[in-house]
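Peer 1: Sequence first, predicted coordinates after that:
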Amino acid sequence: MRRSLVLLCAGLTLLSAGAASAENAAPHNLILFIPDGLRALKVTPETAPAMAAVRDKGVNFKNPHSMFPTFTMANSSAMATGHYLGDTGTFSNTIWTGYVSKPAGDTVVPFLENDAVLGDVDEHFQDDYLDEETILKLARKAGYSTAAIGKVGPTYLFDHTDCPCKGATHSIVVDDSTGGKAGVPLSDEVKDALTKANLAVAAPPRGDNGKAGDAKTPGTTKANIDQQAYFADVATKVVLPMFKARNKPFVLVFWSRDPDGSQHNQGDSLNTVTPGINGPTTMASIKNADDNLAQLRKALDDLGLAASTNIIVSADHGFSTISKESKTSPSAKVAYDDTPKDFLPMGFLALDLAKALDLPLFDPNDKNAAVKDGAHPKAGNGLLGKDPEKPELVVATNGGSDLIYLPTKDKKLARRTVKALLAQDYVSGLFVDDSLGEIPGTLPLSQINLKGKAVTPVPAIVVNFRSYVAGCNEPTNCSVEVADTVLRQGQGMHGSFGRGDTMNFMAAIGPDFKAGFADPLPVSNADVGATAAKLMDLKAKPNGKLVGRVMTEAMPNGQTPKAVSDTIRSDRAEGGLRTVLKLQRVGSQRYFDAAGFPGRTVGLDAESAKQKTAGK
């Protein structure tokens, strides 16, 4: 099997970026730092001094946006290519591929945060499932020194199509799998440099930080310090000195698993939504990511590279506390061995749809075995229909939102499915494939840039789950969402269309950015990719047209466009529910604030019919 490589990246894009500015004839270096799952308003000089300094001394992107569905791999694909998900086909962390992926555990619904799985999916879809060039690959081919370091999955995605296992020149990739059978091979040059720096050639595991606990046992109370210290040392003691010695421009992507990993697994709030993801474990994980950035910046200073290096900091998404409560779900009324009484089990969406549609349910993560009464799918995913080899519906479970695929393209079944979803109190907003026609209560995928040139199967229905605020008065810091996940009520998740998940932290500093500038315009992770490509004068040949914009307003003498706010509403379904999408526009560019049923989504408590100029 041919191996693919994905470099984790915070936001370079493959847009046809045009020539760099005249004063930037010699491109500067770039570091893309991704603090996974960092909420914008949790960054203060006290909680995260290094990131606060970048924001306050450089550019403060006050109006940031994650891609929806607000998951890591989805946003990694946007940052790596500059394209929205309708082009990249990375609709969530778990997708339906239409074939059995062996590295994913012989399933048709692979979890993409795995280098071997990414290679397998690439191979199936003509050696590049993104079907768009990544900025790290473009930069490498343009003569830059390139590296991606950090969390497995999104790191590899940034340069995933030229296999170094056969001696090909490739970006340096160091992630959780480094040194193992599934890891991207390191060159002899890098191995020797690691040895000289007294660093192992294999990445350490997460240890206690990887422990999620269960319904009776709290998860971790430790940040991912040891593993990320290794990654930071590799970056500062090996990669940056190596790049300096080469005496040519470089791009380094550093994907910090914290605060995301610790927020997911934290044991501060077992089965209760407060303090949720605002306990001491989360705060330690934010500090851990901040310490990594501080170490990178100090290394730039020590190596004399600070003045010639741009730094873009962009979280992939925000975060919310998990709720497992529903008054309408049939599955919440069933007793499960691993689920507290009256709580939603993992896979509740597949279970509830199977009951409502009277379809047999099979588990794609258990050799397509039938799901027995009183049990739930092992990973939450489900195949609905008489024959699991030819399912009528496929549910890909992800967290704050789920994907539903319709292999038969049966429009009547699509409408029955929507009717069943509208009856559940945990649903807040539905988006359907344009090919299914208009369905009252739903909006088409094209309205949220999920319909483009993707080569992977397109979901028939994207289900957003309910979110609300609890624990404080700052909505994006205290968002709670129903989540279809193995994790417990009180732990952390993301993926919804609430503003708590769409509002990610974004900032930038360096020679090609303004100093002390607060940018009121909407920006997104796709824009981060486009801007990075512009700074490096990278030129791509895009297949799709769903691309981000260059954030010119953040650059010296750059153009400042205008922005407006807008609201799009579906027709009302029987019973009165309708999906409402709150967004902003810069020209033809769309930025999605929040969507769902008003009153069930954070950031969508009241509808506004007026258009407002952003930043005013």
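Peer 2: Sure thing, it's come through.
Peer 1: Return the distance of the residue in the chain sticking out farthest from the centre relative to residue 242.
Peer 2: What lies farthest from the middle of the chain is residue 196; by CA atoms, centre = their mean that is 35.1 Å. Noted for residue 196: a distance of 11 Å to residue 242, by CB to CB, to the nearest Å. Glycine gets a C-beta too; all of them are placed from N, C-alpha and C.
Peer 1: next one: residue 483
Peer 2: 41 Å.
Peer 1: the more surrounded of the two?
Peer 2: residue 483 (32 against 16; other CB atoms under 10 Å).
Peer 1: any idea what sits nearest that one, other than its immediate chain neighbours?
Peer 2: residue 493 (4.0 Å; CB to CB, 6 or more residues apart in numbering).
Peer 1: Tally up the residues packed near the one you found, please.
Peer 2: So residue 493, with other CB under 10 Å, has 28 neighbours.
Peer 1: before we move on, what about the one 4 residues further on?
Peer 2: Burial of residue 497 is recorded as 33 neighbouring residues (other CB under 10 Å).
Peer 1: Is it in contact with residue 443, as I believe?
Peer 2: No: if you go by CB atoms under 8 Å, residue 497 and residue 443 don't touch, sitting 10.8 Å apart.
Peer 1: pull the longest helix from this protein.
Peer 2: Scanning the chain for the helix with the most residues, using DSSP state H, yields helix 280-302.
Peer 1: Check which residues of that one are buried.
Peer 2: 281-297, 299-300 (16 or more other CB atoms under 10 Å).
Peer 1: if we can go back for a sec, who's in contact with the residue nearest to residue 483?
Peer 2: By CB atoms under 8 Å, 6 or more residues apart in numbering, residue 493 lies in contact with 264, 319-322, 399-400, 481, 483, 485, 487.
Peer 1: rewinding a little: can you dump the C-alpha atoms of the longest helix of the chain in PDB for me?
Peer 2: Provided in PDB are the C-alpha atoms of helix 280-302 (Å, rounded to 0.1, in the frame of the first residue of the first chain):
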ATOM      1  CA  PRO A 280      -8.200  23.300  36.600                       C
ATOM      2  CA  THR A 281      -7.200  20.600  34.000                       C
ATOM      3  CA  THR A 282      -8.400  22.700  31.200                       C
ATOM      4  CA  MET A 283      -6.500  25.800  32.500                       C
ATOM      5  CA  ALA A 284      -3.300  23.700  32.800                       C
ATOM      6  CA  SER A 285      -3.700  22.500  29.200                       C
ATOM      7  CA  ILE A 286      -4.100  26.100  27.900                       C
ATOM      8  CA  LYS A 287      -0.900  27.000  29.800                       C
ATOM      9  CA  ASN A 288       0.800  24.000  28.300                       C
ATOM     10  CA  ALA A 289       0.100  25.100  24.700                       C
ATOM     11  CA  ASP A 290       1.100  28.600  25.600                       C
ATOM     12  CA  ASP A 291       4.400  27.400  27.000                       C
ATOM     13  CA  ASN A 292       5.100  25.600  23.700                       C
ATOM     14  CA  LEU A 293       4.500  28.800  21.800                       C
ATOM     15  CA  ALA A 294       6.800  30.700  24.200                       C
ATOM     16  CA  GLN A 295       9.500  28.100  23.600                       C
ATOM     17  CA  LEU A 296       9.200  28.500  19.800                       C
ATOM     18  CA  ARG A 297       9.400  32.300  20.000                       C
ATOM     19  CA  LYS A 298      12.500  32.100  22.300                       C
ATOM     20  CA  ALA A 299      14.200  29.800  19.900                       C
ATOM     21  CA  LEU A 300      13.500  32.200  17.100                       C
ATOM     22  CA  ASP A 301      15.100  35.000  19.100                       C
ATOM     23  CA  ASP A 302      18.100  32.900  20.100                       C
END
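Peer 1: now for that helix, which elements pack on it?
Peer 2: strand 29-35, helix 49-57, helix 225-233, helix 240-246, strand 250-256, helix 260-265, strand 309-314 (3 or more CB pairs under 8 Å, 6 or more residues apart in numbering; DSSP states H and E).
Peer 1: residues contacting the spatially most central residue of the chain?
Peer 2: Nearest residue to the geometric centre of the chain (CA atoms, centre = their mean): residue 72, 2.1 Å. Shown in contact with residue 72 (CB under 8 Å, 6+ apart): 36, 93, 113, 151, 153-154, 260, 316-317.
Peer 1: angle of the longest helix of the chain against strand 309-314?
Peer 2: 170 degrees (axes from the mean of the first three to the mean of the last three CA atoms, to 10 degrees).
Peer 1: so where do the helices sit in the stretch 51-200 of the chain?
Peer 2: Counting by DSSP state H, counting those that start in this stretch, the segments of the stretch 51-200 of the chain that form helices are 72-81, 85-88, 115-124, 135-141, 154-157, 188-196.
Peer 1: could you dump those helices to JSON lines with mean pLDDT and distance to residue 477?
Peer 2: Listed next are the helices of the stretch 51-200 of the chain as JSON lines, based on pLDDT from 0 to 100; distance: least, CB to CB, whole Å:
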{"stretch": "helix 72-81", "mean pLDDT": "98", "distance to residue 477": "20"}
{"stretch": "helix 85-88", "mean pLDDT": "98", "distance to residue 477": "26"}
{"stretch": "helix 115-124", "mean pLDDT": "97", "distance to residue 477": "33"}
{"stretch": "helix 135-141", "mean pLDDT": "97", "distance to residue 477": "31"}
{"stretch": "helix 154-157", "mean pLDDT": "98", "distance to residue 477": "24"}
{"stretch": "helix 188-196", "mean pLDDT": "97", "distance to residue 477": "39"}
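Peer 1: Out of the ones you listed, the one nearest residue 528 is which?
Peer 2: Residue 528 lies closest, by CB to CB, to one member of the helices of the stretch 51-200 of the chain: helix 72-81, at 5.5 Å.
Peer 1: returning to what we had before: overlap of the contact sets of residue 497 and residue 443?
Peer 2: 429, 595.
Peer 1: Contacts made by stretch 292-306 with the rest, please.
Peer 2: 29, 31, 33, 35, 49-51, 54, 228, 231-232, 235-237, 240-241, 244, 254, 256, 309, 311, 313.
Peer 1: Pull the distance from it to the chain's centre.
Peer 2: Chain-centre distance of stretch 292-306: 27 Å, with CA atoms, centre = their mean, to the nearest Å.
Peer 1: now stretch 397-406
Peer 2: Counting by CA atoms, centre = their mean, stretch 397-406 comes out at 14 Å from the chain centroid.
Peer 1: For that stretch, measure first residue to last.
Peer 2: 15 Å (CA to CA, to the nearest Å).
Peer 1: you'd agree residue 375 is up against residue 336?
Peer 2: Yes: Residue 375 is within contact range of residue 336, at 7.3 Å (criterion: CB under 8 Å).
Peer 1: what residues are up against residue 344?
Peer 2: 324-326, 329, 331-332, 426, 482, 484.
Peer 1: do you know how far the closest residue to it other than its chain neighbours is from residue 574?
Peer 2: Excluding the flanking residues, the one nearest residue 344 by CB to CB, 6+ apart is residue 324, at 4.5 Å. To residue 574, residue 324 is 28 Å away according to CB to CB.
Peer 1: of these two, who's got more company?
Peer 2: Comparing residue 324 with residue 574 by other CB under 10 Å, the one with more neighbours is residue 324, at 27 against 9.
Peer 1: ok, the more buried one - contacts?
Peer 2: Per CB under 8 Å, 6+ apart, neighbours of residue 324: 332, 339-340, 343-344, 482-483, 488-489.
Peer 1: swap in residue 578?
Peer 2: Neighbours of residue 578 in contact, by CB under 8 Å, 6+ apart: 440-441, 569-572, 597.
Peer 1: cutoff 10 Å now
Peer 2: 422, 429-430, 440-443, 569-572, 597-598, 607 (CB atoms under 10 Å, 6 or more residues apart in numbering).
Peer 1: for this structure, which spans come out with low pLDDT?
Peer 2: In the predicted model, the chain carries pLDDT under 70 at residues 1-25, 163-169, 606-616.
Peer 1: didn't residue 231 look like it was pressed against residue 173?
Peer 2: No: with contacts counted by CB atoms under 10 Å, residue 231 stays clear of residue 173, the gap being 11.5 Å.
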